[in-house]
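Asks: sequence and predicted model, in that order:
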Amino acid sequence: MRRPWVVGITGASGAAYGVRLCRFLLARGLNIHLLITDAGWRVLKEELGWDAARRKEMLEKHFGGYSGGYVYNPIQDIGASTASGSFRTSGMVIIPCSMGTLSGIAHGASDNLLERTADVMLKEGRPLIIVPRETPLHAIHLENMLKLARMGVRIIPAMPAFYQGPQSMDDMVDFMVGKVLDSMDVEHELYKRWGTTEDETKPGDPHRPD
């Protein structure tokens, strides 16, 4: 069996990205360990209408009943399994990632379970994927991202594309989640890949997206 992935959701805007990723992984029969900061719960409430006062009920409502299972640990539980390098995981995705959390990881703060788990990924050499969502970016944001990128962290900014012809907000969310899944090496068909139809731009076109 594949080792579980850790999914972190923070207080950056874009909670739909994290929820969609979790649902996709669970629907594929994969197991996840879910970490949500207090600010992340606030954004789930503001953007998706979740009742942050009934956390376990909300998680079961949105993530229960899939073939894959989830484990939820409160962000203050620094003794949870993911806080130890001896607990084997496939890696960690923080989606969306606030600049505060990104800074804490870049400086080894480990002030909560999410930051500590990210620190474990770094020290154990496991995949760490971060989806920052902020604009505009100032020099400290950029320096922190550069520092983590040099350590092997995959930085996937929440920048939806349009070459796949999105028709809805769900399409735009699926594109970003699909890019994350690519980095996780998880197969998906969430968006139309470039070059998959005859009427798309031919290879070598200078306007072809990266």
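Replies: Arrived safely.

Asks: residue 178 and residue 191: what is the separation?
Replies: Plainly put, residue 178 is 5 Å away from residue 191 if you go by CB to CB, to the nearest Å. C-betas here are computed from N, CA, C, even on glycine.

Asks: ok, now residue 94?
Replies: Residue 94 is 21 Å from residue 191, by CB to CB.

Asks: more crowded one of these two?
Replies: Higher neighbour count among residue 94 and residue 191: residue 94, with 30 against 20, using other CB atoms under 10 Å.

Asks: and the helix or strand where residue 140 lies, what other elements does it pack with?
Replies: Per DSSP states H and E, residue 140 falls inside helix 139-150. If you count contacts as 3 or more CB pairs under 8 Å, 6 or more residues apart in numbering; DSSP states H and E, helix 139-150 packs onto helix 99-106, strand 128-132, strand 154-155.

Asks: need the CA coordinates for it. CSV is fine.
Replies: The C-alpha coordinates for helix 139-150 follow below in CSV (Å, rounded to 0.1, in the frame of the first residue of the first chain):
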residue,chain,number,x,y,z
ALA,A,139,11.1,40.8,-1.2
ILE,A,140,10.7,38.8,2.0
HIS,A,141,8.1,36.5,0.4
LEU,A,142,10.3,35.9,-2.6
GLU,A,143,13.4,35.3,-0.5
ASN,A,144,11.6,32.8,1.6
MET,A,145,10.4,30.9,-1.5
LEU,A,146,13.8,31.0,-3.0
LYS,A,147,15.3,29.6,0.2
LEU,A,148,12.9,26.7,0.2
ALA,A,149,13.2,26.1,-3.6
ARG,A,150,17.0,25.8,-3.1
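
Asks: sweet, I'm off.
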